[in-house]
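**Q** got a predicted model here, sequence first, then my questions.
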Amino acid sequence: MFRKFTTILHQAVEALAPTLPLQEDFIFHWKAITNYFLEKKDDRQAIEHTNLPSHMEQMLDILVQEETGSESGSTGPCMEYLLQHKLLETLCTLGRSDCPPGMKQEVLSFCSKLLSRIHQPLLPHVNVHRAIKRLIRVCGETQAAPTENEEIHFLCTVCAKLKDDPYLVNFFIESSKNAIQEKSQANSNNTQKKPGFSLVNSLLCLLHSADSRVSVKACEGLLLCASLPEESAASCMVEHTSFCKDITHHMCSLYSHLPKSMDPVDIESVEAKWGLDRIAECEDALAFAGKRPLISFLSWLDYCDQLINVAHPDVAAALSLQIRRGFLEAVVEPALLQTSEPCAITVTTHLNKCLRLVTSKPLSKEFILFVLGEERSPEKPGENSYPLRQKLIDRCNHLSEEMSNATLKLFDTLLQKPHEHVIHNLVLRNLLGRGYHAKSIAEHGEQIIQNGPSTQEEALVTDDREEIVTPASTPPTSPLSSPPSSPTRPEVHRIVNSFLSLVPEEAKSSYEMADSGYDTYLRDAHTQFVDVSSVCSPWEWPLSPVEDPAFHTEEFYEGVFLRMLFEKLGGMLNQSYDTNLQVTSIIAKLALLPHANLHEYLLYPELPLKQGCTSLYTVFKKVSSDLEARFQGVPDFNRKLVSVRKQLTGVLAEQRRALSSNRLQSCIEDSSMLQGVIVLEEFCKELAAIAFVKHHDIML
């Protein structure tokens, strides 16, 4: 009340008094501030009961008015007075002492407004950036301080100024050289200061504020600091602050609050974005145990991902590596390898959710290396160079279907990441030696192909040479490399027909539906292949199959991952519908990849294989033979098959409830096999469409 009265009185005096020049008025207000501290003896009086805020506001208004009325780029006498007489340094000293109580808030607010409302560059002036740097060190000193809002607003204002002029950040980095200069100027005998970045340190202190608004603002400030292009700032942020450790520690802390066991469906249903991690009241009724901490964790991971996306490459790499070491290896890996099945399923689902959320390349790379390891040489049977990778692949064949499906989903997500190491580590390193091929060029006395042709013309020459050494009854061994528009391509139709004829006619049921041909998959296959080819184009994969001597092995081994997939595919008549869908989804993603070795190994039915080698087509043949032997012993097989297909497509949703208990039980007894037959038929059509699209590389 007293403050309002004095402000009104002061304004009335100004209205009646003659107008002073701006500089005299500015000096008058400054003298009023200094005289208060010279004359006032009572330090306990709150600043609201003084004229100090009014004088500071008037000084700021005068500076803005002076800049508005002066020429662009020129410094007026009031600003010159502020700079020459080190007014900001004096104010920072007063603000640090917080005397009278509330002075710190007023000084922070004054400096924030000064930097934001004055358009001419102030930070390059030594008497400005030195004072601002001293004030930065004051911020975050006390947890839950009443000045937190003013502190974070001031820090974010400084960050915004640095974002506009990144070179200014060098004034706020406490390098050894700067420390020596400051020490000599202060005539101090203390030891040399260590390099530091006080702006980042203060933001890290406010990051853990109980006020969510302050915490979010601190995150924004750190994001701006991390994105600065200055090499010195990035180096100091990584090496001389606790930035990476604090960010990772907060992630570990949030993850530790999650329940040990959660329903995978609940985990998958959660969507979280940083800054929007609040659950509305209407959602509370739908909340499950652990939803709030899960949203908080995923929101923080999303923040880290966004930060790494925009950060300086050095900062992005350092933070990603710290997350891998401090979170993935220290926290997730022990939880992932625990013996408790429900807990292991939960952690696997968490990891899958994290992989799907992460989009930044550096962080995606560290997640991938954590799961798969860094090995790139061919695998050997029984070898276990990276235990976590081996453990996860083994779990795909776990007795628990829930564990198996959770791990298969993890690998499915991995294959969707645009990173070459995933494909190479899981599959390609075992195929580049082309040890599966029974009639390779080396066995015919020809030179081993070390690198695939770089152009379509070279690919055509390669194909012609292979046709010379290939028997007339065997199509060329590298159909992918031929020109897609070649009119003499009867082998393409043979490949398509080979897949379509795998399922016996008696076991087909798609004729009952409107879309029974493989052409229904062509459009999706074309769209997916175009997208995949765009992602893989930077990797410069060969157009024709290669035999790289560096990947040659005495005996061909497809690797533990492909062997696991072939085993799962071979047992699809005995597996659940969900498992079969997951397995076929992974194989379809591999089949779409535009690598010539992988293409011929998965999609070339007439590929001449060495004795004992297995390919995708040979696995299909075994499943088809097993089907022929089994379906004849199932009573009323065709009717049940059509009924199950309609149930899967929702056609018989109502009729199914009307089935008698005996007929329902009879149908359930064979449901796994019937569903497996349907998945097999549809998957063969999908592979036929993929093979057709990849050969022609156009939509017909």
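**A** Yep, it's here.
**Q** every contact and neighbour count from this point should use C-alpha atoms.
**A** OK.
**Q** helices and strands around the helix ranked longest in the chain, which ones?
**A** For the chain, the longest helix by residue count, based on DSSP state H, is helix 671-696. The criterion is 3 or more C-alpha pairs under 8 Å, 6 or more residues apart in numbering; DSSP states H and E, and the helices and strands that helix 671-696 contacts are helix 490-500, helix 522-536, helix 577-592, helix 637-648.
**Q** quick one, what contacts Val216?
**A** Counting by C-alpha atoms under 8 Å, 6 or more residues apart in numbering, Val216 makes contact with Leu207, Gly275.
**Q** do you know how far it is from Cys156?
**A** 11 Å (C-alpha to C-alpha, to the nearest Å).
**Q** list residues touching both of these two?
**A** With C-alpha under 8 Å, 6+ apart, Val216 and Cys156 have no common neighbours.
**Q** what stretches of the protein score poorly on pLDDT?
**A** Applying pLDDT under 70 to the chain flags the ranges 1-20, 41-44, 73, 176-193, 276-286, 439-490, 513-516, 650-670, 697-700.
**Q** re earlier: next, the angle from the longest helix of the chain to helix 577-592.
**A** In terms of direction (axes from the mean of the first three to the mean of the last three C-alpha atoms, to 10 degrees), helix 671-696 departs from helix 577-592 by 10 degrees.
**Q** now helix 671-696 against helix 522-536, angle please.
**A** 60 degrees.
**Q** re the thing from before, possible to save the helices and strands packed on helix 671-696 as CSV with distance to Ala272?
**A** Listed next are the helices and strands packed on helix 671-696 as CSV, based on distance: least, C-alpha to C-alpha, whole Å:
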stretch, distance to Ala272
helix 490-500, 42
helix 522-536, 26
helix 577-592, 25
helix 637-648, 31
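**Q** among those helices, which is nearest Thr241?
**A** Closest of the helices and strands packed on helix 671-696 to Thr241 is helix 522-536, at 36.5 Å (criterion: C-alpha to C-alpha).
**Q** remind me what the helix or strand Glu600 falls within packs against, helices and strands.
**A** Taking DSSP states H and E as the criterion, the element that holds Glu600 is helix 596-603. Applying 3+ C-alpha pairs under 8 Å, 6+ apart, one finds that helix 596-603 contacts helix 577-592, helix 616-631.
**Q** now the angle from it to helix 490-500?
**A** Going by the same axes, to 10 degrees, helix 596-603 makes 50 degrees with helix 490-500.
**Q** what's the closest of the helices and strands packed on helix 671-696 to Lys409?
**A** helix 577-592 (6.9 Å).
**Q** with just CA atoms, put the closest one into CSV.
**A** The C-alpha trace of helix 577-592 is given here as CSV (Å, rounded to 0.1, in the frame of the first residue of the first chain):
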residue,chain,number,x,y,z
TYR,A,577,-1.8,-66.3,-34.4
ASP,A,578,-0.1,-63.4,-32.7
THR,A,579,3.3,-65.1,-32.8
ASN,A,580,2.9,-66.0,-36.5
LEU,A,581,2.0,-62.4,-37.4
GLN,A,582,5.0,-61.1,-35.5
VAL,A,583,7.4,-63.6,-37.2
THR,A,584,6.0,-62.9,-40.7
SER,A,585,6.2,-59.1,-40.1
ILE,A,586,10.0,-59.4,-39.3
ILE,A,587,10.7,-61.6,-42.4
ALA,A,588,8.7,-59.3,-44.6
LYS,A,589,10.8,-56.3,-43.5
LEU,A,590,13.9,-58.3,-44.3
ALA,A,591,12.6,-59.3,-47.7
LEU,A,592,11.9,-55.6,-48.6
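**Q** packing partners of it?
**A** Counting by 3+ C-alpha pairs under 8 Å, 6+ apart, helix 577-592 packs on helix 401-416, helix 522-536, helix 560-570, helix 596-603, helix 671-696.
**Q** any chance you could map the helices in the stretch 51-200 of the chain?
**A** 52-69, 77-84, 87-97, 103-117, 126-138, 148-164, 176-185, 198-207 (DSSP state H, counting those that start in this stretch).
**Q** what's near enough to touch the residue nearest to Arg395 when sequence neighbours are not counted?
**A** The shortest distance from Arg395 to any non-neighbouring residue, by C-alpha to C-alpha, 6 or more residues apart in numbering, is to Ser404 (5.7 Å). By C-alpha under 8 Å, 6+ apart, Ser404 lies in contact with Arg395, Cys396, Asn397, His398, Thr579.
**Q** likewise Ile690?
**A** Leu522, Ala525, His526, Phe529, Ala591, Leu592.
**Q** tabulate those residues (CSV), appending neighbour count.
**A** Output for those, formatted as CSV (neighbours: other C-alpha atoms under 10 Å):
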residue, neighbour count
Leu522, 23
Ala525, 24
His526, 22
Phe529, 22
Ala591, 22
Leu592, 25
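**Q** out of those, who's nearest Ile173?
**A** Nearest member of these to Ile173, counting by C-alpha to C-alpha, is Phe529, at 49.3 Å.
**Q** re the thing from before, can you tell me which of the helices and strands packed on helix 596-603 is most buried?
**A** Most buried of the helices and strands packed on helix 596-603 by mean neighbour count (mean count of other C-alpha atoms under 10 Å) is helix 577-592; its value is a mean of 19.
**Q** can you tell me what sits against that one?
**A** Taking C-alpha under 8 Å, 6+ apart as the rule, helix 577-592 contacts 401, 404-405, 408-409, 411-412, 415, 528-529, 532, 565, 568-569, 572, 598-599, 602-603, 672, 675-676, 679, 683, 686-687, 690, 694.
**Q** distance of the residue nearest to Arg395 from Glu606?
**A** 32 Å.
**Q** now Ser377
**A** Ser377 is 28 Å from Glu606, by C-alpha to C-alpha.
**Q** quick one: which of these two has more around it?
**A** Ranked by neighbour count (other C-alpha atoms under 10 Å), Ser377 and Glu606 place Glu606 first, with 19 against 14.
**Q** let me know the secondary structure of that one.
**A** coil (DSSP: H, G, I helix; E, B strand; the rest coil).
**Q** next one: it relative to Thr93, how far apart?
**A** Computed as C-alpha to C-alpha, the Glu606 to Thr93 distance reads 84 Å.
**Q** now Asn638
**A** 89 Å.
**Q** likewise for Pro53?
**A** Counting by C-alpha to C-alpha - Pro53 and Thr93 are separated by 16 Å.
**Q** show me which of the two is the more surrounded one.
**A** Pro53 (21 against 17).
**Q** does that one really touch Val107, like I thought?
**A** No. The pair Pro53 / Val107 is not scored as a contact, 9.1 Å apart, by C-alpha atoms under 8 Å.
**Q** what is the burial count for Glu268?
**A** Neighbours of Glu268 (other C-alpha under 10 Å): 12.
**Q** in contact with it, which residues?
**A** Contacts of Glu268 by C-alpha under 8 Å, 6+ apart are Thr349, Lys353.
**Q** quick check: which element contains it?
**A** helix 264-269.
**Q** try Leu294
**A** Using DSSP H and E, Leu294 falls in helix 291-310.
**Q** which other residues reach that helix?
**A** By C-alpha under 8 Å, 6+ apart, the list of residues contacting helix 291-310 reads 223, 226-227, 247, 251, 254-255, 257-258, 267, 270-277, 279, 315-316, 319-320, 354, 357-363.
**Q** stretch 123-135 too?
**A** Residues contacting stretch 123-135 (C-alpha under 8 Å, 6+ apart): 83-84, 86, 88-89, 92, 96, 108, 111, 122, 168, 171-172, 198-199.
**Q** hmm, Glu66 is touching Gln23, no?
**A** No. If you go by C-alpha under 8 Å, Glu66 and Gln23 don't touch, sitting 9.1 Å apart.
**Q** not counting sequence-adjacent ones, nearest residue to His350?
**A** Nearest to His350 is Ile267, by C-alpha to C-alpha, 6+ apart, at 7.2 Å.
**Q** wait, what's in contact with that neighbour?
**A** Contacts of Ile267 (C-alpha under 8 Å, 6+ apart): Leu294, Thr349, His350, Lys353.
**Q** likewise Ser209?
**A** So Ser209 contacts Gln143, Ala144, Ser215 (C-alpha under 8 Å, 6+ apart).
**Q** please redo it, this time with the cut-off set to 6 Å
**A** Ser215 (C-alpha atoms under 6 Å, 6 or more residues apart in numbering).
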